[in-house]
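here's my sequence, what's the structure:
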Amino acid sequence: MFATILIANRGEIACRIARTARRLGVRTIAIYSDADANALHVTLCDEAYRVGPPAPRESYLNGDAIIAIAKRADAQAIHPGYGFLSENAAFAQACEAAGLVFIGPPPAAIAAMGSKSAAKAIMSEAGVPVVPGYHGDAQEPQLLAREASRIGFPVLIKATAGGGGKGMKVAASQEDFAAALASAQREARASFGDDRVLLERYLASPRHIEMQVFADRQGHAVHLFERDCSVQRRHQKVLEEAPAPGMDDARRRAMGEAAVAAAKAIGYVGAGTVEFIAEQDGTFYFMEMNTRLQVEHPVTEMITGLDLVEWQLRVAAGEPLPATQGDITVHGHAIEARVYAEDPERDFLPSIGRIAHWRMPHDMHNVRVDTGYRADDEVTPFYDPMLAKVIAWGDNREAARTRLLAALAQCEVTGVTTNVAFLERVVAHEAFASGRVDTGLIAKHRDELREHRDDVPPAALIAAALAEYAAAADASAGVVAQDPWSPWRLNDAWWNGTSTHRATFAFADGTREHSVMLVPHGDGAFDVAGDTFSERVHATRRDGRWSIRRAGDEAASDAAVVTHGHVRHVFTPGARVRLARVDPFADAGDAGEAQGRLTAPMSGTIVAVLVQPGDVVDKGVALVVLEAMKMEHTIVAPAAGRVAAVHFGVGDRVAEGVDLVDVDAKQADVKT
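Purely as a prediction, here's the structure:
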């Protein structure tokens, strides 16, 4: 086993590798960009070295700098994690040339599978079925357009060096093809430094099933069963599970044998994933091979009881596989949910900022959380917005699904917007619960998966009112301490001119206002009343959290209220509510917003400006393309009008909320 390894990555995967290495007694070296100087992975490793500025090309993609640090730190090996340089054959070769072990497959195997086009050719020659498409080297736009017509629309455009849904677009028709191709190539160039693409027939309702494979230097190879990663959004995985729902033994055996054969055909070593696209009738096609550890590997670990990072380290150190195919068995079911800093109600725009409050279900039985974040960490625009992975295991699929829902209910994050509530809705949806999954599940049920809250739940309003009452008590405590004869010493919500002790608080939920009256009775008893409820509760506060038992309920429910300025983030079972405390004495002011000014929905870089001042545009016309977190976001005209001003050019970095383009809707009838 190695004495010291360098982890050439960041975030949750760097933390995850560090934990296994520590358990095995292996010293770890972290690298960090300027944006990650105080990141969790830096504190978990034994040593840490600055690798460069925040931009990935100048830090986590700077292979020469990483190798130099590894040599300086006396590391024997480099673990690339996933993403960044994990599937870079040149980097793997450079590690070997520097006398360092690359904890991954040989450079030749990476190169063979690194191009999706070349990989499909190899698989086709080996007799593995592939999706009809174009996988050639010629990349002239006119040729690609002809090939798309030959394949038939809709057609899928994919970066040959891609992954994670980046550089992947669907062209529904010939008219859409040129724009979709240009966008896919820009994303591919930005994410992988390679804008080559392949084309495939777009399958309407397929399943995404992948096989985990492992091989050693002695020529042994095994599979560790399948994962179903069908629940996706824009080709980005959202939920992953193992084993796949409805998988029969014959199909599992056929896919497993094909995956192992693929690994052996290219002299594979280490962890890899052979991905298949499968029709609902069971027909499957080879899609690609990822020559690295996958984001979703924890579900495989949960059902097999194996540590895949430990296997990686042992195989890279020259040891044989720790188990044979017959030794590996499936126990139960596991489901993983990816928690992202993004806003589902704003078309999943990435959210950037400082995490003010962070709570994950770390103490739940059979629940695992992999993360690289904690409270006060900064979510920057430079890297993927995934915050954590929440993985739940159960004796069967329904047990795992139910436990995952309970775990997600305990996830609390403020400071950035997350997709946790959206994940809860997907996991609870009947289509997922029944196992009828395909890659279009989210798109087909988009309206049902949106947040439809007619009113704020009473439990959330009760918790918010209790928190305000407690805050007032805390604030008055200081006054009482300074002046024991203060008239505010009796902080009992006495109401002037009556014999009733009560307090009333007002909160706004968007455009609606809610009033809650609270009457304390001592010993934690309160009468609470709002527009739609009136009841008695018993409440206690401990470590900033509330335990609230409503009259008639035997069990108390947990609630938390996190305050940021005038905003109250309320977390109660089944609800996450953002309320604004209404000050009845505040001046409402002018809430109007300048018309026709299109602002940046997030921080990012302008990659295309499609209009200029004076242009007359129709509603929905693309004006500017903004890239943030390696994904493109198109800003369109909200109404017909004339472009009055364009404030930024290609290559400019912009902050969230800045004015990008002004469109004068009053000039909609002006013709050029």
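
now stretch 635-642 - C-alpha only, PDB.
Only the C-alpha atoms of stretch 635-642 are listed here, as PDB (Å, rounded to 0.1, in the frame of the first residue of the first chain):
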ATOM      1  CA  ILE A 635     -31.400  35.300 -22.000                       C
ATOM      2  CA  VAL A 636     -34.400  36.000 -24.200                       C
ATOM      3  CA  ALA A 637     -36.600  39.000 -25.000                       C
ATOM      4  CA  PRO A 638     -39.700  39.000 -22.600                       C
ATOM      5  CA  ALA A 639     -41.700  40.900 -25.200                       C
ATOM      6  CA  ALA A 640     -41.300  42.400 -28.700                       C
ATOM      7  CA  GLY A 641     -39.400  45.700 -28.800                       C
ATOM      8  CA  ARG A 642     -36.200  47.500 -29.800                       C
END
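
for it, which positions count as buried?
Neighbour-count burial for stretch 635-642 flags 635, 637, 640, 641, 642 (criterion: 16 or more other Cβ atoms under 10 Å). To be clear about C-beta, it is placed using only N, CA and C from the backbone, and glycine gets the same treatment.

pLDDT of the helix or strand where the last one lies, averaged?
Put plainly, it is residue 642. Residue 642 is part of strand 641-646, with elements assigned from DSSP states H and E. The predicted model assigns strand 641-646 a mean pLDDT of 92.

name the surrounding residues that touch it.
Contacts with strand 641-646, where a contact means Cβ atoms under 8 Å, 6 or more residues apart in numbering, come from 596, 609, 611-617, 623-624, 660-668, 670.

how far out from the middle of the chain is the helix or strand just after it?
Counting by DSSP H and E, the next helix or strand C-terminal to strand 641-646 is strand 653-654. From the chain centre to the centre of strand 653-654 is a distance of 23 Å (Cα atoms, centre = their mean, to the nearest Å).

repeat for stretch 539-547
With Cα atoms, centre = their mean, you get 31 Å for stretch 539-547.

using CSV, write out every CA atom in that stretch.
Below are the C-alpha coordinates for stretch 539-547, written out as CSV (Å, rounded to 0.1, in the frame of the first residue of the first chain):
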residue,chain,number,x,y,z
ALA,A,539,-43.1,24.0,22.5
THR,A,540,-39.6,23.7,23.9
ARG,A,541,-36.4,25.2,22.5
ARG,A,542,-33.0,23.5,22.6
ASP,A,543,-29.8,24.3,20.7
GLY,A,544,-31.8,26.7,18.5
ARG,A,545,-34.3,24.1,17.4
TRP,A,546,-38.0,23.7,18.4
SER,A,547,-39.8,20.7,19.5
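
buried ones in it?
Buried residues in stretch 539-547 (16+ other Cβ under 10 Å): 539, 541, 546.

these in strands, which ones?
539, 541, 546 (DSSP state E).

could you report the distance from the second one to residue 422?
Distance, residue 541 to residue 422, by Cβ to Cβ, to the nearest Å: 30 Å.

ok, residue 564 next?
Look at residue 564 and residue 422: by Cβ to Cβ, they are 21 Å apart.

and for residue 229?
Per Cβ to Cβ, residue 229 is found 17 Å from residue 422.

so for those two, which residue has more residues nearby?
Counting neighbours by other Cβ atoms under 10 Å for residue 229 and for residue 422 shows that residue 229 has the greater number, 26 against 23.

tell me the one of the buried residues of stretch 539-547 nearest residue 426?
Of all the buried residues of stretch 539-547, residue 546 has the smallest distance to residue 426: 28.1 Å, by Cβ to Cβ.

hang on, isn't that closest one packed against residue 561?
Yes. Counting by Cβ atoms under 8 Å, residue 546 touches residue 561, with 7.3 Å between them.

list residues touching both of the two?
Joint contacts of residue 546 and residue 561 (Cβ under 8 Å, 6+ apart) are 463, 466, 467.

which stretches of the stretch 151-300 of the chain form helices?
In the stretch 151-300 of the chain, the helices defined using DSSP state H, counting those that start in this stretch lie at 174-192, 249-265, 297-304.

the lengthiest strand in the chain pairs with which strands?
Using DSSP E, we find that the single longest strand of the chain is strand 512-522. Using DSSP bridges, strand 512-522 pairs in its sheet with strand 503-509 (antiparallel), strand 525-529 (antiparallel).
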